[in-house]
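>>> What follows is a predicted protein model with its sequence.
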Amino acid sequence: MTASTNKWLRQISFSAVLIFLSVGLPAQTPQDAPVPADFATAQSAFIAGAGSPWLAPKEKLLVSMVYDSFYRQLNTWNRYKITASPKDADLAFEISIQDISDLAYLRLNIRDVKTHALLWTLHEHVAGAFREKTFQHNVDVSVGELIEDLKSLAAGKQPVTSTSPAASKQP
């Protein structure tokens, strides 16, 4: 046999062994990196209204809508006891409304109160609206998505990526 034939046979043999071994092996899936344990162990939370970085004529109304909706839905979930002071809480939720390229987003920074370390940041798009009542509904929907993300974190899982702004539904 020539050297080139030997090399070719070795490559075929090696490929056959790899195929044979891979048939019996279960498929491996990548594991998500673990989320901070604070989400599962925390018992209480403080909610901070982080406002809005842009000065809109109705900024106080927007901030109030977001804060009230988040407070109401977090309280309804009944996972964390909401405290009146950060010193009595395990986690601090900083909720704000952001404007990115003329699109509104809710931003939720989650911090460990004792260390002040940022544990996670969540964002959800808020669909636009012409009427205040419709915008309030859209805020409630987006806050509901933030709460679902928090539920994932409390279960030790990374939140599922949300849909793009174009895919958001409006009533």
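Looks like it arrived, so ask away.
>>> Which secondary structure element is home to Y71?
Y71 belongs to helix 59-77 when assigned by DSSP states H and E.
>>> So which residues make contact with the helix or strand just after that helix?
The helix or strand immediately downstream of helix 59-77 is strand 81-83, counting by DSSP H and E. Outside strand 81-83, the residues within contact range by Cβ atoms under 8 Å, 6 or more residues apart in numbering are Q43, S44, A45, F46, I47, Y71, L74, N75, A89. Every residue, glycine included, has its C-beta placed from N, CA and C.
>>> Once you drop chain neighbours, what's closest to the fifth one?
Of all residues not flanking I47 in the chain, F93 sits nearest, at 5.0 Å (Cβ to Cβ, 6 or more residues apart in numbering).
>>> How about the last one?
The shortest distance from A89 to any non-neighbouring residue, by Cβ to Cβ, 6+ apart, is to F46 (3.8 Å).
>>> Give me the three-state assignment for the one you found.
Secondary structure, DSSP: H, G, I helix; E, B strand; the rest coil: F46 is strand.
>>> Please name the residues that touch it.
Each residue near F46 by Cβ under 8 Å, 6+ apart is listed here: I82, T83, A84, S85, P86, D88, A89, L91, A92, F93, V113.
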